[in-house]
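Peer 1: Fold the following, please.
(2 chains)
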Amino acid sequence: MSAAMVCRGYIPADECVDDQRMINVSLLTAFLLVLGGTVFVVAHCLTDNLFLCQDPNQFIRASALRVLSSIRVPIIVPIMMLAIKEAAADLSPYVRKTSAHAIQKLYSLDPDQKEQLIEVIEKLLKDKSTLVAGSVVMAFEEVCPDRIDLIHKNYRKLCNLLVDVEEWGQVVIISMLTRYARTQFTSPWMEGAEFDENKAFYDSDSEEKKDQTEAKPYVMDPDHRLLLRNTKPLLQSRNTAVVMAVAQLYWHLAPKHEVSIVTKSLVRLLRSHREVQYIVLQNIATMSIQRKGMFEPFIKSFYVRSTDATHIKTLKLEILTNLANEANISTILREFQTYVKSQDKAFAAATIQAIGRCATNISEVTDTCLNGLVLLLSNRDEAVVAESIVVIKKLLQTQPTQHGDIIKHMAKLFDNVTVPMARASILWLMGEYCEKVPKIAPDVLRKMAKTFTAEEDIVKLQTVNLAAKLYLTNSKQTKLLTQYILNLGKYDQNYDIRDRTRFIRQLIVPNEKSGALSKYARRILLAPKPAPVLESAFKDRDRYQLGTLSHSLNLKATGYQELPDWPAVAPDQSVRNVEIVEPQRIKADLFWVSNVHCPCVCTESGSESEEESSEDSEKTSSDSGKSSSGSEKSSSESESDQKKKKKTKKAQQKKNKPAADRYAEIPAVCHTGFGSFLPKLEFITIMISFFYDFFFFCQHCLFPQNDSKNPTFRTSGISLFHMSFQVTTSSFGPLKTYELLHHMTGKGLSAKYHFPRQPCLYQPSMVAVQVILTNSSDHALEEIHIGDQSPASLNIHCFNTIERLEPGASVTVSMGIDFSDSTQAANFQLCTKEDQFSVSIQPAVGELLMPSTMTEQDFCKEQGKLQGMNETSATITMATANASRQAINKQVLSVANVGEVPSSQNNFSRFGGRTVSSRALVLLSLELSESSGALLTINTEKSVMASMLLRDLKQALAQA
Amino acid sequence: MNHSQGFLKDIQISCLVVGWLLSNTASIILSFRVWGGQSMTDSAPSWFFYSAEMIHSLFLINHLGDIFLEKHWKSVISRSVCDYFFEAREKAVDPENVPPVLQTPHHYLISIYRGKLFFLSVIQTEVPPLFVIEFLHRVADTFQDYFGECSESVISDNLVIVYELLEEMLDNGFPLATESNVLKEMIRPPNILRSVVNTLTGGSNVGETLPQGQLSNIPWRRAGVKYANNEAYFDVTEEIDAIVDKSGTTVSAEIQGVIEACVKLSGMPDLTMSFMNPRLLDDVSFHPCVRFRRWESERVLSFIPPDGNFTLMTYHISSQNLVAIPVYVKQSINFFEAGSCGRLDITIGPKQTMGKTVEDLKVTIHMPKAVLNANLTATQGNYTYDCTTKMLVWDIGKLNPQKLPNLRGSLSMQTGVPNPEENPSLNIDLKIQQLAISGLKVSRLDMYGEKYKPFKGVKYVTKAGKFQVRT
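Peer 2: Below is the predicted model:
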């Protein structure tokens, strides 16, 4: 959490000019310096900052949440939880994205919140914005990667959105979808198909395979195909991680013959940075073992340059070796010849091993390779010679025909070779094939006996071996030599050698004690030994998912999840079906209409829409997703224009009540908001009040003269609350009329509005608003219509333009506004032909509800489900006039648009409603007690709404 | 901040302190546990060790092995974790050879090497390594973009901005804003005038407006761009990667092309670029702004460009197509057993240059260790031999087809050391202006969505990429 970020949270809030901004920065600095020690004070300042200021600016809301969630102090977990829930339902996709990020942070802070977080994730997964998708899938992967059932309904949407998601999100979504697909679809790889790669040359085989497929037809799930089709364009991404993610998806999910489309893109990545090359080459190495054909046409891209780093060279060598076959081995070997001469000796040695592997794998070239390696024995470089000897040893073992001359040649070299491994290899060869070189072997042993004490351990062991073998085959010549060596070995410093010597002596030298075993000495020591298999180091890497850290390190990294195997039978496909909701279409239509108003969007999406219209109907959901983001964009552009208007609005909202009066109410809000956390909250309240003192101290000291002119972020937020409160108390009766535009400010045009409390005709999620426009001027007004709107994502159904309004006439028009269950004001411009007036409709919380009829039983059942966090209650005192049941009903209904639930108990009043936008249940119950007190309980998921509603009701019931 | 630059730094430090306190919860937690009335004797809570973000910490290490900057996105990880890296660094000798992915008992280290600096990230759980590598390169690119170069001194001079950038680029270990246009809206790049003004007025380099770019579905372009002169320049640069063997035959050759753009257009222009011969391109990758569907169906690039410099697309023309090699090299390098000396004779001539001049021709040879000195004469250009790095560089300049440049002379060798087995290979640099060697040509560039007439320009350059001649 840098100062920059906090600054950004504060500065724009004031829409300040430079000098004010400076003051703010210095104020903030004072905060940090003074409060640096008591960090949680800062924490709580930010907490209530978040709650009290439902700032109209989405960036500030987002930054506040980001800062809040970065404070890793367990006591604020419940507050964080609330904040996340609230932000997840925010209108702005950016805030929702931030909430998805916050989920991970909260989860790492307190894993006990898992269940609730999963609920939020579930909600966010339904989000259609491309901004949110990546972040929420990331949160899903962190919190509940096993809850695959949450993905079903969103699978197709995610596939369709994928191209438009930001690149980092793409990586995460692709890897999640890979796992998902492996659990939900059947394998596209038919039995026998794994081999068709190698057998492709033989026509008969491929025909046979065709028969097989006819016998067992495999039909790919359309959803499986959808995933493959929608990820393919991402191979062209500039982000190497995305390309790799798609490549691994194809590798693990696509039918075998389709995997090769990723080849080109992977080869392209080889041009990228050294580190990228390293990872990509590792993955290609693994792929090339199983599927030579994929990379064979690109073999030249893996040729080594002298400027490559050593680990890149080695990996390229590995791939070249994997790709070698009868057809290309001659060119590859020619390349290898250049590499062997490389100045990088480690690389030259690796090349020799690679030649060895080619020689064993392709029998046609074994002899050529062997000859080449023998030539290398005369190389000047020790390392090269040593490596050659070791490889030749392995090769001879696989080809134990007449290679006496090679062994002789090596024996001659023996004096010059100093590398222990090479010396040991020669000795082993002598011993193994001592019958082929009967004259030389004893001589080598003689030399070894001379230098035995000075040799390395590994050489000593092989000397003992050689001695033993010679003793068995040619005891006449070597008996004394062997005994001498065994004696030397007996007193060697190394216990392995002493051990071996003792064992060999017992085995080969017959004495009375060891009769039984020594009979078999010859068969034990000179048994034919199986040839070593020269395999790729990447042979077993395919057990890890490609592109993962585990694959790169070849060991299981912390947190690695095994890729599940294909299910034998596909699970139910219908779980992914999403019923197409009608409003979505309306939304899409609206978008095309809105395009007309805004040319830049039109050009961009217009071209896309042409293409898309030709696409199959399956795409409708993606279209609507796109269109909604498109409209967001257009409105975000207009947002900047709106800033000034907001400013004026804020100024209107600002109240000149004494500060102390305002803040006295804060603890009450907290109590009602988070009633179930009372013990902790008492503490928070103390801290908050301490903070306020400090805040005011700062404010008054630093700029007392500015107090009235410079509304701070905080005070504007508080006044927002007061607005909503005052509005409800000032009137009475269900049809309260509010002023929208006064005729003085409106240059003769005045507007009033009220909430008719009818279901909205335009969209079910909108609140119906009736506006009465009156012309009080002396001339006719023309073309009255609605102009720019804010906040950006606000969804308003405007009334049709009124062509002409005569002086003194008035007209009633109806609008629909989707408040998304928040009391945030809908700001828009009321325009006439000449003028524009910024107006705002601030709904009382009770107007965001609609009545819901239910029985008492249902009510109690639903209430039972909404306990704990979702319950808000308070004891209220009622005015004496409200004692009767009718009076209570009247009061409650005046505040909130809810329906009465018939009650069997006399002292209970119950009301049911739903929020207009998200259809969340809101349950009100009022338990009357003696002495005009009552317990008011509100059960709903929308806890912020609940606390606001509670306040309103409390106030209403207390009044006569 | 009001008074001086120094104060500004103080603030940054205090912010860091606070940030550290916030992220290092250990001490605070204890005090809270008392407040909350919970038992202090609990064993360490699981969440304290639980950490699932992608990138945990970042260390910047210079070529001497000093950690000069560290940034932790969650809890602080001790610098000692870098010891494992230093060990690998020692072992690798050459910094290029350090393995990018390392394992330590509790963490995994992923590093990149850019401009003599190591960017070392610490991660704790499974994550696609390319994800981290790509991000680290993006960080380095951003530094380059902001400060003109990515070096220790520049980073140290701009610590405040660097920390701000890192904070915005990564949220809890997950990349947040990596698009340069978005970042520049939030954190303004430094310039001399602004730093002077900031010092005098106490301003900061934090942007005053809110970044709208992040919100739109074209996050790469900032809103409200205005220019007096509207211009769009495109540089088509092709690099030839080739290996030519001793006899002059081409072992492998391919072309890597990139179209860099510098677009300074007002408003929201929608550009369409079409090529004369788009079928040439084997494999392409695009900036996210390019509409892929249009490319697939019509082979035109249709895009709303970011503001300023960006890479529009990169393409690859592989060895299957015939790649023209612009120059040939006649060389003979011999080392003699007797007299411990060697001879060198190199001549370069034009091969397939499509009638253009080859410029900036340069030959670099990494000599074997045994070569002590070179005594050569060049008919054109200068040569230098660095005895410590064993690099022979022959800077030729323009290639004159009438009088071919030649470098010949003797090499003095260390006595008593066996002669090198292999002759060193020659790395060739060259540049041909006004030519894309693949023959790719932009046929037209159209703009929609805005009314003004922009100035448009396309420039072609061919360069040698990894062009190597084996000897």
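Peer 1: what's the domain layout of chain A?
Peer 2: Dividing chain A into domains by the TED database, as the record does, gives the ranges A:273-402, A:403-530, A:737-845, A:847-959.
Peer 1: so how far is the third one from its chain's centroid?
Peer 2: Right, domain A:737-845. Domain A:737-845 sits 42 Å away from the centroid of its parent chain (C-alpha atoms, centre = their mean, to the nearest Å).
Peer 1: And for the longest one?
Peer 2: Here the centre of mass of C-alpha atoms in domain A:273-402, compared against the chain's by C-alpha atoms, centre = their mean, lies 39 Å away.
Peer 1: That domain and chain B in contact?
Peer 2: Yes: Domain A:273-402 is in contact with chain B by C-beta under 8 Å from any C-beta of the partner chain, via A:273-276, A:278-280, A:297-298, A:300-301, A:303, A:305-307, A:309-311, A:335, A:338, A:341-343, A:379-381. Every residue, glycine included, has its C-beta placed from N, CA and C.
Peer 1: Just the CA coordinates for stretch A:104-111, please, in PDB.
Peer 2: What follows is stretch A:104-111, C-alpha atoms only, in PDB (Å, rounded to 0.1, in the frame of the first residue of the first chain):
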ATOM      1  CA  GLN A 104      -8.100 -14.000  -2.400                       C
ATOM      2  CA  LYS A 105      -6.600 -11.700   0.200                       C
ATOM      3  CA  LEU A 106      -9.400 -12.300   2.700                       C
ATOM      4  CA  TYR A 107      -9.100 -16.100   2.100                       C
ATOM      5  CA  SER A 108      -5.400 -16.100   2.900                       C
ATOM      6  CA  LEU A 109      -6.200 -14.000   5.900                       C
ATOM      7  CA  ASP A 110      -8.900 -16.200   7.300                       C
ATOM      8  CA  PRO A 111      -9.700 -19.500   5.500                       C
END
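Peer 1: For it, buried residues please.
Peer 2: By 16 or more other C-beta atoms under 10 Å in any protein chain shown, the buried positions in stretch A:104-111 come out as A:Q104, A:K105, A:L106, A:Y107, A:S108, A:L109, A:D110.
Peer 1: ok, now stretch A:256-269?
Peer 2: Those buried within stretch A:256-269 under the rule 16+ other C-beta under 10 Å are A:K256, A:V259, A:I261, A:V262, A:T263, A:K264, A:S265, A:L266, A:V267, A:R268, A:L269.
Peer 1: and that stretch, is it in reach of chain B?
Peer 2: Yes: with C-beta under 8 Å from any C-beta as the criterion, chain B is reached by stretch A:256-269 at A:K264, A:S265, A:V267, A:R268.
Peer 1: and B:K466, which of the domains of chain A is closest to it?
Peer 2: domain A:273-402 (5.6 Å; C-beta to C-beta).
Peer 1: The residues of stretch A:256-269 next to chain B: which two are farthest apart?
Peer 2: A:S265 and A:V267 (7.3 Å).
Peer 1: list the residues that contact both of these two?
Peer 2: B:D283 (C-beta atoms under 8 Å, 6 or more residues apart in numbering or on different chains).
Peer 1: For A:Q789, list each beta-bridge partner.
Peer 2: A:F828 (DSSP bridges).
Peer 1: ok, it to A:E803 distance?
Peer 2: To A:E803, A:Q789 is 22 Å away according to C-beta to C-beta, to the nearest Å.
Peer 1: Can you tell me the centre-most residue of the chain?
Peer 2: Reading this off chain A. A:M138 (2.4 Å; C-alpha atoms, centre = their mean).
Peer 1: nope, chain B please
Peer 2: B:D141 (6.0 Å).
Peer 1: ok, then the element right after the strand or helix carrying that residue?
Peer 2: If you go by DSSP states H and E, B:D141 is part of helix B:129-147. Next helix or strand after helix B:129-147 toward the C-terminus (DSSP H and E): helix B:152-157.
Peer 1: what pLDDT, on average, does that next one get?
Peer 2: If you average the pLDDT over helix B:152-157, you get 89.
Peer 1: near chain A at all, the very next helix or strand once past it?
Peer 2: Once the chain leaves helix B:152-157, the next helix or strand it forms, by DSSP H and E, is helix B:159-169. Yes: using C-beta under 8 Å from any C-beta, helix B:159-169 reaches chain A at B:Y163, B:E164, B:E167, B:E168.
Peer 1: Can I get helix B:159-169 as PDB, trimmed to CA atoms?
Peer 2: Presented in PDB, the C-alpha positions along helix B:159-169 are these (Å, rounded to 0.1, in the frame of the first residue of the first chain):
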ATOM      1  CA  LEU B 159      13.000   4.800  -6.700                       C
ATOM      2  CA  VAL B 160       9.800   6.500  -5.900                       C
ATOM      3  CA  ILE B 161       8.300   6.000  -9.300                       C
ATOM      4  CA  VAL B 162       9.700   2.400  -9.500                       C
ATOM      5  CA  TYR B 163       7.900   1.500  -6.200                       C
ATOM      6  CA  GLU B 164       4.700   3.200  -7.400                       C
ATOM      7  CA  LEU B 165       4.900   1.300 -10.700                       C
ATOM      8  CA  LEU B 166       5.500  -2.000  -9.000                       C
ATOM      9  CA  GLU B 167       2.600  -1.400  -6.600                       C
ATOM     10  CA  GLU B 168       0.200  -0.700  -9.500                       C
ATOM     11  CA  MET B 169       1.400  -3.500 -11.700                       C
END
